[in-house]
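> okay, here's the prediction I keep looking at, along with the sequence it came from:
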Amino acid sequence: MSQPIALAPSILSADFCRLGEDIAAVKDAEWLHVDVMDGRFVPNLTIGVPVVQSIRKHTEMFLDVHLMIEKPVDMAAAFAKAGADQLTVHLESDMPHGIRAALDVMTAHGVKKGVALRPITKAEAILPYLPELDVVVVMTVEPGFGGQKFMEDQLDTIRTVRKYIDQINPACRLEVDGGIATDTIAAAYQAGADTFVAGSAVFGKPDRAAAIAALRGACHGK
Ligand code: DX5
Ligand code: ZN
């Protein structure tokens, strides 16, 4: 039994010179997805703590901060203090002790907790963490860049993670990230995802509210 659908526009595809306006244009979405990259865990460098602090002052939206960084335990407290509502760390970024430690920092700071899986990582790897998580993120592209093609072969991972969530922690959300658009969202939804990151499919369109509505409709095959 999945949670109600949530859409999470990714500001990676926004115009960083007009970030406030771009965020205001997606206020109908449930979450705002913030992609933090360090140029090491992934081959791209994006934004850090000061930007999250600024965003927090300008929106009440739920800030879903996706940390694609090595040793996330070192930065988790700073992002929590900056105003993140939820932090997601990559299972592969510092396993296993660093991931355990990062989750403990999140608990101590009262933020929601997520773990993300790169496409190469098997669904089973989530099991040690699943009982305490608020979200599992299944990557449907190789993390690092917006605008990539949805990886259909990740549908199996989504199905398996859905099965584990239903068995072990039904309150946990299953978020998919990468290549979500009106022609891919229904397959991810049917495989068991309930939360959908969308960068280019929202910010790449002139009417962001219409793009969000189109994704919601497409989820149900409309
Ligand atoms: C990729 C990021 C995604 C990215 C998705 O590493 O984690 O959140 O913004 O972009 P689209 O929706 O364009 O694939
Ligand atoms: Zn992301």
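Sure thing, it's come through. Ligands and ions are numbered 1, 2, ... in the order given.
> can you name the residue of this protein nearest to ligand 1?
For the chain, the residue closest to ligand 1 is Gly199, as judged by C-beta to the nearest ligand atom, at 3.0 Å. Using the backbone N, CA and C atoms, a C-beta is placed for each residue, glycine as well.
> got phi/psi on that residue?
phi -100, psi -80 (degrees, to the nearest 10).
> and the gap between it and Ser54?
Per C-beta to C-beta, to the nearest Å, Gly199 is found 19 Å from Ser54.
> with Ala214 instead?
According to C-beta to C-beta, Ala214 stands 29 Å off from Ser54.
> out of Gly199 and Ser54, which sits in the busier spot?
Between Gly199 and Ser54, Gly199 has the larger neighbour count (other C-beta atoms under 10 Å), namely 25 against 15.
> please verify my assumption that that one contacts Pro9.
Yes. Contact criterion C-beta atoms under 8 Å: Gly199 and Pro9 qualify, at 7.1 Å.
> now for these two: what residues contact both?
Any residue near both Gly199 and Pro9 by C-beta atoms under 8 Å, 6 or more residues apart in numbering counts here, and that gives His33.
> quick check: phi and psi on Ser10?
Backbone geometry at Ser10, expressed as degrees, to the nearest 10, gives phi -100, psi 120.
> can you pull the contacts of the nearest residue to it once chain neighbours are set aside?
Closest residue to Ser10 apart from its sequence neighbours, by C-beta to C-beta, 6 or more residues apart in numbering: Gly199 at 3.6 Å. Contact partners of Gly199, counting by C-beta under 8 Å, 6+ apart, are 9-13, 33, 35, 146-147.
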